[in-house]
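A.B. asks: structure, please.
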Amino acid sequence: MRLLFLGDVMGRAGRAAVIERLPALRRDWKLDFVVVNGENATSGMGLSAGHAAALLDAGADCLTLGDHAFDQKDMMQFIEREKRVIRPLNFAKDAPGRGAAIFTAVGGRKVLVAQVLGQVFMKRPFADPFSELDALLRAHPRGGMVGASLIDIHCEATSEKMGVGHFCDGRASVVVGTHTHVPTGDAQILPGGTAFQSDAGMCGDYDSVIGMEKTEPMRRFVTGMPKGRFTPALGEATLCGLYVETDDRSGVATRVEMVRQGGRLAPGGP
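C.D. replies: Next comes the predicted model:
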């Protein structure tokens, strides 16, 4: 199975990059399933129902969120209607929506997608991601009824992301990090056959401070004083993510490549 994961979509520039380029990527790379993290797609803070619909119409099979899952209030109702949007599995138990789901990919093959929030350096505590993932992966073993499984680990610390990767090695097909908006250079297949990258990076303008127009963040770093609001940078976006191929019988990852399309970063992909 050919899987594509795209990292945090950042504001208008990131949305435009996904909407413009994803249809061609689906065709040219013969993709079977696409997951997009969309939690910053609306003004850099959350995901609105309208923008979620646009990303799904562009070719995403599933959208994951993150700690900003419900910054856009209409998402609380939309996620109950639109089952292709996933919020974190270890969010509050009474939160709307669901943190994991099984989808049907091209050819009728089944794909499990889940997201968890990390605990290290996050602004507020969340439930233990390891126990949540353990229960989920025990219920849906790789290569059983599920042909492939993808885990989005949304957190600050690369060490915690690596810990989740090794915890899921041999149990999930893909573990990929989001949240920091900076792509890491460690794409690999772990010993148990799980594709891993600490952070996929963002789909956004890299002439910025993690996707935000750089003037206000730099002012705060230099002076310690805010003057205005953070606003997403609007230059040409780089599409960043992870391409993975898996064995249809076992769900084992057989190929992994970092993706870079357009914008300022060096190109990469299959």
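
A.B. asks: in the helix or strand residue 133 falls within, what counts as buried?
C.D. replies: Using DSSP states H and E, residue 133 sits in helix 129-139. In terms of neighbour count (16 or more other CB atoms under 10 Å), helix 129-139 has its buried residues at 129-130, 132-133, 136-137. Where C-beta positions appear, they are placed from N, C-alpha and C, glycine not excepted.

A.B. asks: likewise for stretch 39-58?
C.D. replies: 39-44, 46-49, 51-52, 54-56, 58.

A.B. asks: do the same with stretch 179-187
C.D. replies: For stretch 179-187, by 16+ other CB under 10 Å, it's 179-184, 187.

A.B. asks: residue 112 bridge partners, please.
C.D. replies: Beta-bridge pairing for residue 112 (DSSP bridges): residue 102, residue 149.

A.B. asks: wait, it touches residue 150, no?
C.D. replies: Yes. If you go by CB atoms under 8 Å, residue 112 and residue 150 touch, sitting 7.2 Å apart.

A.B. asks: closest to residue 266 out of the buried residues of stretch 179-187?
C.D. replies: Among these, residue 183 lies closest to residue 266 (CB to CB), at 10.5 Å.

A.B. asks: now do the helices in the protein.
C.D. replies: For the chain, applying DSSP state H gives helices covering 11-28, 49-57, 75-81, 129-139, 158-168, 215-223.

A.B. asks: worst mean pLDDT among those?
C.D. replies: Among the helices of the chain, helix 215-223 carries the lowest mean pLDDT, at a mean of 93.

A.B. asks: turn the helices of the chain into JSON lines, columns for distance to residue 248.
C.D. replies: Formatted as JSON lines, these follow (distance: least, CB to CB, whole Å):
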{"stretch": "helix 11-28", "distance to residue 248": "19"}
{"stretch": "helix 49-57", "distance to residue 248": "25"}
{"stretch": "helix 75-81", "distance to residue 248": "30"}
{"stretch": "helix 129-139", "distance to residue 248": "19"}
{"stretch": "helix 158-168", "distance to residue 248": "20"}
{"stretch": "helix 215-223", "distance to residue 248": "45"}
